[in-house]
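*Asks:* please work out how this folds:
(chains A, B, C and D)
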Amino acid sequence: MITEKIRAAAKELLEKGEVETVIGWERGTFWYNSTPVFISKPEQADRLVFDDFCANNLAKYLLDYRNADGKIAVFVKGCDARAITRLIQDNQVKREKVYLIGIPCTGMKEAPKTVSSQDVAGLPLLAKCQSCATPNPVIYDILLGDPVPQKEVGNRFAGVEALEAKGADEKYEHWGKLFSECIRCYACRNVCPACNCRECAFDANGLNWLGKQNNLQENQMFNMTRAMHVAGRCIECGECERVCPMGLPLMDINRKIIKDLNELFGSYDAGLNLEDRPPLGQYKLDDPEKFM
Amino acid sequence: MKTVVKSKISALLDEIAKEFNLLVPTAGDGASKFAPYTSGGQVSLDGRTLLPPKDVFFPQTEKMYKFSTDGMAGSLETLLEAPKHQMLFGVRPCDVKSIHELDHVFLTKGFVDEFYQSKRDRTFLVSIGCNGPAEPTCFCQSMGVNPQESDAVDVHLFDLGSEYGAVAKSENGEAFLQKYASFFNEAEVQLPAISEFALKPDVEGITEKLQQMFDHPLWEEVSRKCLGCGACTYLCPTCHCFDISGRVAGNQGFKFRCWDSCMFSEYTRMAGGHNPRPSKKERVRNRFLHKLQYFPERYGDLLCTGCGRCLSKCPVNMDITNIIKQIREVELA
Amino acid sequence: MSLNTEALPKSQEVTASPEAAPQPWEPRIVGFACNWCTYAGADLAGLSRLQYPPSIRLIRVPCSGRVNPQFVIRAFQRGADGVLVAGCHPGDCHYSTGNYFTRRRFLLMQRLLEYMGMDPRRFQARWISGSEGPKFQQTVTQMTEDIKALGPNRKMRDVE
Amino acid sequence: MRRVGVFVCHCGSNIAGTVDVERVAKEACKFPNVVFATDYKYMCSEPGQQVIKDAIKEHNLDRVVVASCSPRMHEPTFRRCLESAGMNPYLFEMANIREHCSWVHPDKEKGTVKAIDLVRKAAAKVVKDEPLQKSSIGITKRALVIGGGIAGIQVALDIADAGFPVTIVEKEPTIGGRMAQIDKTFPTLDCSACILTPKMVDASQHPNIEILSYSEVEKVEGYVGNFNITIRKKARSVDMSKCTGCGTCWEKCPTKVDSEFDMGLGKRKAIYTPFPQAVPNKPVIDRIHCTKFKNGKCGICQKFCPTGAVDFEQQDELITEKYGAIVVSTGFNQFDHSVYGEYGYGKYPDVITGLHFERLINASGPTMGKIKRPSDHKIPETVVFVKCVGSRDEAKGKSYCSRTCCMYTAKHATLVHEKIPGSKSYIFYMDVRTPGKGYEEFYKRTAEEYEAQYIRGRVSKIYQKGDKLMVRGEDSLIGRPVEIEADMVVLANAMVAREDAGDLARTLGISYDKDNFFTEAHPKLRPVETHTAGVFLAGACQGPKDIPDSVAQAGAAASKAIGLLSKTQMESDAIVSNVDESRCSGCMICKGICPYKAIDAKIITERIGGKMAERQVAEVNKSLCQGCGACTVACRAGCLNLLGFTNEQILAEVEAVCL
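*Replies:* All right, here's what the predicted structure looks like:
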């Protein structure tokens, strides 16, 4: 039902020439793969689809269209919309050059183990959708379908708190084993809307912030630095965890940062409204200084 | 043909572990990969590992030289530790072909990489055939790989359901089967039929067609959704690009080799900042042309053995079989 | 992926003069000191001959706001047993707001380090003004004792 | 490949005493890029610097490391030395092996090992140093003096005489400050008003001096040579242009209020000038006590004013002016001795402080110069002076000595003797400190000729008995407790900083010590400068001092300001932030961090993919940037780097120190 609305909306926008390109999803290799697609002609609109596997956050593709002449239309779920707000705050996307088609989202599904079974209903929600706090887009030009009720999320920091309770060596052992699995393919960084630098600090060879070796120590540096860099910018879209080929629980790190930011400097959710600025970009005179 | 019952395999492995530094596919927590065998450890002999065996011969990070300076004098030492005699057990035919292709790169055409060679020569290969696609994303059959049998190994085991059929493919293989004959018994076997592959790309004449498609707009379309991460190249059993860097601490340091990915933006950045492959279009095009045109032109084999790892783990489901299909559908003027 | 923790051999120990007794292990603390307050406080400690263990090496930065959390990680990577970031008291910063950002960054950083398994006592941040020589001495002495109790740092670094 | 020279200083025995300097030099030779290392007795001396210059030529050095004292002390010295040797002064690093090493680590072996580490750190950083240039900026040739006491007036006069316009901002309705309250000045006993008021008049009539009385500094922006200062001209409720200072208004004003100027001993009207010789001699309405403002009635002053100068609707006025230099001379407060309950604070009106006494003996004071007891206006026979009230007393007061109490107490005893024949004064003291010219002679005359009884000991208790004040103390010289029946007790209170000194320091961006006195750049070498370029100090706001020292400091501060204003261009520091535009994404997070508003966005055009495109990047205004580097950490991609303290340099230091 949503798919028809999507196709109609895209066709209309392209026919009227209001937008130059429409970014959406299309069917991928198998029935449980949906993959980003870039449509520029009305007749291509029929390739668009919205099903239970459109997990990709399309917001970051706007960075490739910075110098486009016309407007770009992009479909945004609840999490994707927060990414758009962040990209606007980071001056990477101009609001007037983007046409946002909001889609209330009931959560995306895990891929099945075997190709054959077509049973979608039985599939569990993706990890990132189980703790989703913003199913309805916060920013959009048009909204396809009426808002979805906000489901009870429970304590999304439970995993973090469980880890925090462990002893120092236990925690080091836990993260040490995980980081030694990291193959530094940078999929987490390249998919993340908070990582919108023109050129990452780690790619600038002159700066040698990061050694190119793949060992525990450099992987720790990469993951910890990325955590500090996206501090206050992470919108908990969970894409980093989803795309990690090694299945590392990266959201446990980002959620730890978000939990600390809320505790230390007042509750703050990135990307919810355009006015607020990341907590590390500002200060209050009465900030806590427990261990100073 | 000699056969061995699957239930006796762990006993066999214990025996082998005494003589060889045995690497087996393990699927403990985290991704499945080839790791040293520990008796009673989780050995998983069904399906292929997520991380390819290329890491055994061409590690992601490998120290090459150690040096130290003393005023103007200095010393340089090559860090070539020849590993104890090692055995790679349970390699799938697609990975065997990839090792064969890595041999092309590192051992032929007038240059022999001593680091690769020192590991490759001391490794005894035992492969296990598949009777069909191990994963939904497998398509090795279409890439000229016989899923049931591989030849460029020492011993090949046919998967016969409850037992394996062992065939020696080299003298070492013969010697191995003699040595462990107690585990095997002779039997007439019937190879099971190979089950249907979901993905069947047609690579016939693709290299020739690609030679005229360098400036084709297809690449612009295809590359838009790529994120430029290195997941596909690091999981690909045949990708072999690497970078050499080093670290200096005071008056000593070391040089190391580490994997690099042509999908990274700074991969071809030259001194002074010029980059011949500035955008994703060039980089994605280069990756597929290298696999389907440049490598076959130079070595005769397609640099893709159809293992499907890149397809299963690509964040945006970039599908090489679909791209091959699109290349096939393109009409050249 | 084999976890190869390459061993970078220690640079040959500085040639200890013969008569020196075998040195007990001295912790190595990297200190980032803001030029206007803490560095001046350390100078004052020197002017007033306040003794403290020689375990700290101060790196002068214009303001504690200049210290990047990545320097702290790099210090631990390369073998520091403890890291101290010290600057002016909030409100006294020569650049008026530098240390407000230091406070935010390192409150977060300290929790992240702890979360990653690093013992919190190995990373300290302090406000030490230009006139607080004794506080500098006391901070270094206290930190050295803490870290001596903890022993050499094995985490996040080139394992020997 | 760099050619680094390492120079290790003995500093006499300061360093060589506990650091084996020869071994440090020998080890330094082994560091990468170090091609020459030596040690010398005094590197900062002329011959020492010559060693450097010769070595630069002889060994073709392109980087220099000096291992000696704190860079806060001699970095400028050695930078000038490099400059004179034709080298860029920023290709230089110092290793602090004195304050941070030899002076604090007695164990020679450990001290030497640490010194070697510090030299290795400096050598690692110097290799990454790049030649830097200073950029020059214009200067507003105008000075601002905050505080119109004797120090402020002297500074203003000196600067004005040098031909530069000066503005004095004074919080009170008139300039004059503390000195106006004083009667006589030691050691010459000439009348304070006689030497102060001429200077006040000079200041008011000097063409280059503008006096903004009853005004305060609200906000200070900008930097040396280019301060934008917002001044709040508090509403006087009197139009200065019309008022002639005839005084009819304060004669007619019905409301009487305790006069702060007379320390509460005398009264003043709601519309008042603090003292007769006030400059400007224009009254101010105290809106808290004036009935017109309290309940809208009265307004007599407006009726009787011949020139119609009284204007109740006048509002505070905020003006913003550009200044090149600022001199702070905000003076001091008297220590609030309420903590000394044993002295009967608040219970006994006849226990007064030094300033109260000054008002009593002052001819224009509430008692027309006659010393009368505040309680019953009787002339006291026996006066007891108690010194070090609040000074040299860490427990209840201040740890320091306030320098002036010994002298003004001796003066008070002399005046008691002169004004009350047959009177007797006792002075409880711990020590008598008479450091100035003619001070000791003055004290001798007080003790001997005027028979002032000096008792060495502290006063333990003062209590009322009848109309006498019993002062119980101890004479430690004869080891006996002493009790004196006194008519009046004068406490010599300590000099402390103004209560709003901390706020003013934060507004100006200068630092202050634990007692809220402003911190000078260096106690011995730069006593009138602060660490904030362009802001100078004069008088008691920098620490307790008497009038001669305050005036001397005023002259010094004026000369510093004149030195600054006389330059046509001023070099701004080379340690500033720098943006790598090719990598900057224009997210502008740095702009919100910079306290000096030195970073702004700019649009650049460049060819991308064959066509011209515009892009926003950050840009650092080199003259505004003060080089704190807080922005460099906020920049995730690391395109913002602080020249002189770049990421690469600090990382190199961290790695060298961790070897």
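*Asks:* pick out the residue nearest the middle of chain A.
*Replies:* By CA atoms, centre = their mean, chain A has its centre lying nearest to A:Cys237, at 3.6 Å.
*Asks:* and the pLDDT at it?
*Replies:* On the pLDDT scale, A:Cys237 is placed at 92.
*Asks:* C:Ser131 now?
*Replies:* pLDDT for C:Ser131: 88.
*Asks:* and for the residue lying closest to it once chain neighbours are set aside, the neighbour number?
*Replies:* Of all residues not flanking C:Ser131 in the chain, D:Asp513 sits nearest, at 4.9 Å (CB to CB, 6 or more residues apart in numbering or on different chains). Bear in mind the C-beta positions are built from the backbone N, C-alpha and C, glycine included. By the criterion of other CB atoms under 10 Å in any protein chain shown, D:Asp513 has 19 neighbours.
*Asks:* show me what contacts D:Asp513?
*Replies:* Contacts for D:Asp513 (CB atoms under 8 Å, 6 or more residues apart in numbering or on different chains) come out as C:Gly130, C:Ser131, D:Thr519.
*Asks:* who wins for neighbours among those residues?
*Replies:* Across the contacts of D:Asp513, neighbour numbers were computed from other CB under 10 Å; C:Gly130 holds the maximum, 25 neighbours.
*Asks:* surely that residue meets C:Asn35?
*Replies:* No: checked against CB atoms under 8 Å, the pair C:Gly130 and C:Asn35 is beyond contact range at 9.9 Å.
*Asks:* that older thread, and the residue nearest to the centre of chain A, that's in a strand?
*Replies:* No: counting by DSSP: H, G, I helix; E, B strand; the rest coil, A:Cys237 is located in no strand; its state is coil.
*Asks:* so who does it touch?
*Replies:* A:Cys237 touches A:Asn57, A:Cys79, A:Asp80, A:Arg82, A:Ala83, A:Lys128, A:Pro193, counting by CB under 8 Å, 6+ apart.
*Asks:* so which residue of chain C comes closest to chain D?
*Replies:* Chain D sits closest to C:Gly46 of chain C, with a gap of 2.8 Å, by CB to the nearest CB.
*Asks:* right, and the helix or strand after the helix or strand hosting that residue?
*Replies:* Taking DSSP states H and E as the criterion, the element that holds C:Gly46 is helix C:38-47. Next in sequence after helix C:38-47, counting helices and strands by DSSP H and E, comes strand C:56-61.
*Asks:* report whether that next one contacts chain D.
*Replies:* Yes: Strand C:56-61 is in contact with chain D by CB under 8 Å from any CB of the partner chain, via C:Arg57, C:Leu58, C:Ile59, C:Arg60, C:Val61.
*Asks:* ok, and what's touching that strand?
*Replies:* C:28-35, C:39, C:42, C:67, C:84, C:140, C:143-144, D:71, D:96, D:100, D:114, D:117-118, D:121, D:629, D:645, D:650, D:653-654, D:657.
*Asks:* return the subset of those lying in helices.
*Replies:* Using DSSP state H, the members of these that fall in helices are C:39, C:42, C:140, C:143-144, D:71, D:114, D:117-118, D:121, D:650, D:653-654, D:657.
*Asks:* is D:Ala601 in a helix, a strand, or coil?
*Replies:* Applying three-state DSSP: D:Ala601 is strand.
*Asks:* closest residue of the stretch 1-150 of chain D to chain C?
*Replies:* Closest point on the stretch 1-150 of chain D to chain C, by CB to the nearest CB, is D:Glu99, at 2.8 Å.
*Asks:* grab the nearest non-local neighbour of that residue.
*Replies:* Nearest to D:Glu99 is C:Gly46, by CB to CB, 6+ apart, at 2.8 Å.
*Asks:* my guess is the one you found contacts D:Gly111. True?
*Replies:* No: judged on CB under 8 Å, C:Gly46 makes no contact with D:Gly111 at a distance of 12.0 Å.
*Asks:* quick one: the helices in the chain, in order.
*Replies:* The chain I'm using is chain A. A:2-15, A:78-89, A:127-130, A:158-164, A:168-181, A:187-191, A:216-229, A:239-243, A:251-265.
*Asks:* chain B is the one I meant
*Replies:* Using DSSP H, helices in chain B cover B:9-19, B:54-57, B:93-107, B:114-121, B:171-179, B:206-210, B:218-223, B:231-235, B:280-289, B:295-299, B:309-313, B:320-329.
*Asks:* can you get me a residue count around B:Val248?
*Replies:* Residues near B:Val248, counting by other CB under 10 Å: 15.
*Asks:* can you check the pLDDT for it?
*Replies:* Per the predicted model, pLDDT is 84 at B:Val248.
*Asks:* now the one 4 residues further on
*Replies:* Note on B:Gln252: pLDDT of 86.
*Asks:* how far away is it from D:Lys30?
*Replies:* To D:Lys30, B:Gln252 is 12 Å away according to CB to CB, to the nearest Å.
*Asks:* okay, the closest residue to chain C within chain B and D:Leu659: tell me how far apart.
*Replies:* Distances between chain B and chain C by CB to the nearest CB are smallest at B:Gly250, namely 4.2 Å. Distance from B:Gly250 to D:Leu659, counting by CB to CB: 5 Å.
*Asks:* try B:Leu12
*Replies:* Distance from B:Leu12 to D:Leu659, by CB to CB: 50 Å.
*Asks:* check contacts around D:Ser70.
*Replies:* Neighbouring residues of D:Ser70 by CB under 8 Å, 6+ apart: C:Tyr39, C:Asp43, C:Gly46, D:Met94, D:Asn96, D:Arg98, D:Glu99, D:His100.
*Asks:* kindly reformat these as JSON lines containing distance to A:Tyr140 and neighbour count.
*Replies:* Compiled in JSON lines, these are given as follows (distance: CB to CB, whole Å; neighbours: other CB atoms under 10 Å in any protein chain shown):
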{"residue": "C:Tyr39", "distance to A:Tyr140": "53", "neighbour count": "29"}
{"residue": "C:Asp43", "distance to A:Tyr140": "59", "neighbour count": "24"}
{"residue": "C:Gly46", "distance to A:Tyr140": "63", "neighbour count": "25"}
{"residue": "D:Met94", "distance to A:Tyr140": "59", "neighbour count": "27"}
{"residue": "D:Asn96", "distance to A:Tyr140": "59", "neighbour count": "24"}
{"residue": "D:Arg98", "distance to A:Tyr140": "65", "neighbour count": "25"}
{"residue": "D:Glu99", "distance to A:Tyr140": "62", "neighbour count": "25"}
{"residue": "D:His100", "distance to A:Tyr140": "59", "neighbour count": "29"}
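*Asks:* what does the stretch 151-292 of chain A put close to chain B?
*Replies:* So the stretch 151-292 of chain A meets chain B at A:177-178, A:181, A:183-187, A:189-191, A:199, A:203-205, A:211-215, A:239, A:242-243, A:245-247 (CB under 8 Å from any CB).
*Asks:* would you mind listing what in chain B touches chain D?
*Replies:* B:Thr69, B:Asp70, B:Gly71, B:Val248, B:Ala249, B:Gly250, B:Asn251, B:Gly273, B:Pro278, B:Ser279.
*Asks:* mind redoing it with 10 Å?
*Replies:* Listed as neighbours of chain D in chain B under the rule CB under 10 Å from any CB of the partner chain: B:69-72, B:247-252, B:273, B:278-279, B:281.
*Asks:* which residues does C:Gln138 contact?
*Replies:* For C:Gln138, the contact set (CB atoms under 10 Å, 6 or more residues apart in numbering or on different chains) comprises C:Ala45, C:Leu50, C:Tyr52, C:Arg126, C:Ile128, C:Glu132.
*Asks:* just the element for it, please.
*Replies:* With DSSP H and E as the test, C:Gln138 turns up in helix C:133-150.
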